[in-house]
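**Q** Okay, here's the prediction I keep looking at, along with the sequence it came from:
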Amino acid sequence: MFTMSRRAVLGSAAAAAAFGLSSNLEFVMPALAATPLEPMVGFYKYTIGDVEVTAIYDGIWKKPHDPTFIKNASIEDTKEALSKAGLTTEFMPIPLTVVVLKLGDRLIMMDAGSGVGQWQANATHLPANMAAAGIDYKKIDTIMLSHFHPDHVWGLMEKGTNDPVFPNAELIVNAVEYSWWTEPGRVEKLAEGRRPAGKRIAEVFPTWKNWKQVDDGAEVAPGVLLLAAPGHTPGHSAYLVTSGNKQLLVSADIMYVPALLAPHPEWQGSYDQDGPMAVGTRRRLIDRIIADNIAICGSHFPFPGSGRFVKDGNAYGFTPTVQA
């Protein structure tokens, strides 16, 4: 059966206490061995104050190297960054982790995952790993969306039929994001390769009645604030979770591949709608979590999708949480 790792790399036990993580975590110095691509156990639990956080592994995109992936860096540059982080250089590893928060008797899902086989062929693990973690997806009562890219929202829809997977859950999203993707004429304005995704969103999402559109700074659940984090998409958002004196930033894609963007925060991804704005958002929020000692998780961080950033001159250092 499944067992849960209790080992994390965050630098010190003091950092654990500051971040509000479970006191029975073991803190070790980062290993030099290569970071494993896929976890042996597909879920990982920790706490932020009284909030139970479950990180659930969806899968990984073994993206072929592409000279357009980072607009202002070469393949050689990105391979060097991966190598320095102890990651494979055979391809660009982009894992996907979905977080579920347990606030009292509420289950809140942060993004919906990529849908079984709808994003990448080997991103199919979310349902099984969620069940292994003891979470019944039918009891999810709220889903907080960061943005409308496929790897974050295709899990809302059944493959083939587009029927809602969570018909009774409240779907919370930044009003800017919803409006941008669903406005008349948007599909035609998208780059050709993005039009199928835009068409699916525009045709399906407005037919659902369980959307709740909110503005920057809205409290979307007790102790949970939506923070506008634009650039990756116009309405891209992070969520700040506060319990007692502990906080967690559910950062989505502001620092999507830390191996690349921590040492090179000025790099702009091809999936960033507004590259310079994405860079500004990245610096603003990462500087904030460092200054305020806020824990962070990200959709594409190495599983279990969390870690610790520190300042390193005009860039950052990143130590991922790891499973034993």
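**A** Sure, I can see it. A quick note: this is a predicted structure, and the numbers were derived from the prediction, not measured.
**Q** who touches Val220 in this structure?
**A** 142, 144, 172, 212, 214, 226, 239 (CB atoms under 8 Å, 6 or more residues apart in numbering). Where C-beta positions appear, they are placed from N, C-alpha and C, glycine not excepted.
**Q** Need the nearest residue in space to the second one, chain neighbours excluded.
**A** Looking back up the chat, that one is Met144. Ile172 (4.7 Å; CB to CB, 6 or more residues apart in numbering).
**Q** Show me the two of the contacts of Val220 that sit farthest apart.
**A** Lys212 and Tyr239 (13.7 Å; CB to CB).
**Q** Those two: who's more crowded?
**A** Tyr239 (25 against 14; other CB atoms under 10 Å).
**Q** What residues does the more buried one make contact with?
**A** 110, 144, 146, 220, 224-227, 249-250.
**Q** buried stuff in stretch 272-282?
**A** Of all the residues in stretch 272-282, those buried under the rule 16 or more other CB atoms under 10 Å are 272-275, 277-279, 281-282.
**Q** ok, back up a step: tell me which of the contacts of Tyr239 is nearest to Tyr137?
**A** For the contacts of Tyr239, the nearest to Tyr137 is Met110 (13.7 Å; CB to CB).
**Q** tell me the phi and psi of that closest one?
**A** phi -100, psi 100 (degrees, to the nearest 10).
**Q** repeat for Phe43
**A** phi -150, psi 160.
**Q** Near it, how many other residues are there?
**A** Around Phe43 there are 26 residues (other CB under 10 Å).
**Q** How about it, nearest residue that isn't a chain neighbour?
**A** Ala133 (3.7 Å).
**Q** Please give me every residue in contact with the one you found.
**A** 42-43, 45, 54, 56, 100.
**Q** now swap in Lys62 and tell me
**A** 91-93, 122.
**Q** measure Asn245 to Ile48 for me?
**A** 10 Å (CB to CB, to the nearest Å).
**Q** and if you look at Ser270?
**A** Note on Ser270: its distance to Ile48, by CB to CB, is 33 Å.
**Q** Comparing these two, which residue is more hemmed in?
**A** The neighbour comparison of Ser270 against Ile48 (other CB under 10 Å) goes to Ile48, with 23 against 12.
**Q** That one contacts Leu248, correct?
**A** Yes: Ile48 is in contact with Leu248 according to CB atoms under 8 Å; the separation is 4.4 Å.
**Q** ranges for the helices of the stretch 151-300 of the chain?
**A** Ranges of helices in the stretch 151-300 of the chain, per DSSP state H, counting those that start in this stretch, are 175-182, 186-189, 195-204, 258-261, 275-292.
**Q** which one of these lies closest to Asn162?
**A** helix 195-204 (4.8 Å).
**Q** For the closest one, which helices and strands make contact with it?
**A** helix 175-182, helix 186-189 (3 or more CB pairs under 8 Å, 6 or more residues apart in numbering; DSSP states H and E).
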